[in-house]
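Undergrad: Here is the input, now give the coordinates:
(2 chains)
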Amino acid sequence: MALQTTAEHVDGPEPVTVLTLDGELDAAAFEGVIDTVRGLYDAGTRILVLDLTGLWFVSSAGLVAVHAAMRLMRGEAAPDTEQGWEALRGVRQEADAGQVSTALRLFGVQDAIQKVLDRTGLGPLIPTYPDRAAALAGG
Amino acid sequence: MSQPVRRLRVPADLERLADVRRLVREGATDAGAPPGVVDDLVQGVDEAATNAITHGYAGRAGWVEVALAVNGTDIVVTVEDEAPVFDPTSRPEPDMSVSPRVRGPHGMGIHLMRLATDAIAHRPRDGGGNILTLTRSLVAQPEEDR
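TA: Next comes the predicted model:
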């Protein structure tokens, strides 16, 4: 099993779901993650925190899942997984316009993962926090 | 100084990418590559093998063979398949400023492959298929975006 996912619901003024991704987020795993996030949204999750502390590999396919999670949490359809750059372009334009959403948050991002996020331009578009408490608090 | 070539042939199944990554990670680490270089090689080879399985075979049965060798101060990895000939190096570098229609949909993995390696070369395989050669210097510092 290349990737294990665990969801935990945290009550509070703003209910948050923490989805922990352990292992490697690759082309074999990314569609499962999109399905999981879609299920969480359908069940009521509106703020999703991805705990990446135990994630040590992400491929371009994995980034498609991260991007899809971002879209799904904003109530939009997941992009066509074949869209690649085209879908990212829309997100970047929104970020340039100052419309970065905090409905998807990351923490525990290892250096190797951050490098891939930055190389594709996705990194600055997703609010990233130093630890779980900060990610839950948001802001 | 030199180590034997490590070689692994797996079915064209995305579930076997983890085995491919393990071979590259172990081979590059044993060759003395710093962690950033190891990560880059794993990234580049994963993207190449994923492309071969997803776009090359596109659901048909087949195999992907990865071989890792040390050549002087370079780590050289070949990714071989029997899929229809496709040369990813012939694709232009994706440019976020041009129309996505021009850029095409599959540029992200190839973009990552380029950033993770010092050189990529493609040649058709005798008997059909592709041989993609990814080269990364052992001694280079982990590279920033290029």
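
Undergrad: so A:His9 sits right up against A:Leu40, yeah?
TA: No. Contact criterion C-beta atoms under 8 Å: A:His9 and A:Leu40 do not qualify, at 9.0 Å. Just so you know, the C-beta spots here come from the backbone N, C-alpha and C atoms, and that holds for glycine as well.

Undergrad: So for these two, which sits in the more crowded spot?
TA: Shown here are A:His9 and A:Leu40; by other C-beta atoms under 10 Å in any protein chain shown, A:Leu40 has more neighbours (19 against 12).

Undergrad: What helix or strand is B:Ile110 located in?
TA: Taking DSSP states H and E as the criterion, B:Ile110 maps to helix B:107-116.

Undergrad: Pull up the pairing partners for the following helix or strand past that helix, direction included.
TA: Following helix B:107-116 in sequence order, the next helix or strand is strand B:119-124 (DSSP H and E). Here strand B:119-124 is paired, per DSSP bridges, with strand B:130-137 (antiparallel).

Undergrad: and the partner strand, how far out from the chain's middle?
TA: 6 Å (C-alpha atoms, centre = their mean, to the nearest Å).

Undergrad: Identify the residues contacting it?
TA: B:33, B:37, B:40-41, B:44-45, B:48, B:52, B:56, B:73-81, B:83, B:85-88, B:113, B:116-125 (C-beta atoms under 8 Å, 6 or more residues apart in numbering or on different chains).

Undergrad: mind listing what the top strand by length along chain A pairs with, with the direction of each?
TA: Looking across chain A with DSSP state E, the single longest strand is strand A:16-25. The pairing partners recorded for strand A:16-25 under DSSP bridges are strand A:3-10 (antiparallel), strand A:48-51 (parallel), strand A:55-58 (parallel).

Undergrad: ok now the second one, how far from the chain's centre?
TA: I take that to be strand A:48-51. Mean C-alpha position of strand A:48-51 versus that of the full chain (C-alpha atoms, centre = their mean) differs by 7 Å.

Undergrad: B:Ala61 looks like it's in a strand, true?
TA: No. The assignment for B:Ala61, made by DSSP: H, G, I helix; E, B strand; the rest coil, is coil rather than a strand.

Undergrad: list the contacts for it?
TA: B:Pro11, B:Ala12.

Undergrad: Kindly report the same for A:Leu3.
TA: By C-beta under 8 Å, 6+ apart, the residues touching A:Leu3 are A:Leu21, A:Asp22, A:Gly23, A:Glu24, A:Leu25, A:Asp26, A:Ala28, A:Ala29, A:Gly32, A:Val33.

Undergrad: Try it again at 10 Å.
TA: A:21-26, A:28-30, A:32-33, A:54-55, A:57, A:62, A:65, B:18 (C-beta atoms under 10 Å, 6 or more residues apart in numbering or on different chains).

Undergrad: Now do the residue nearest to it when sequence neighbours are not counted, the pLDDT please.
TA: Nearest non-adjacent residue to A:Leu3, counting by C-beta to C-beta, 6 or more residues apart in numbering or on different chains: A:Ala29, 4.0 Å away. With respect to pLDDT, A:Ala29 has a value of 97.

Undergrad: my read: A:Ala29 touches A:Ala65, true?
TA: Yes. Assessed by C-beta atoms under 10 Å, A:Ala29 is found in contact with A:Ala65 at 7.8 Å.

Undergrad: overlap in contacts of these two?
TA: Listed contacts common to A:Ala29 and A:Ala65 are A:Leu3, A:Leu21, A:Val58, A:Ser59; contacts here mean C-beta under 10 Å, 6+ apart.
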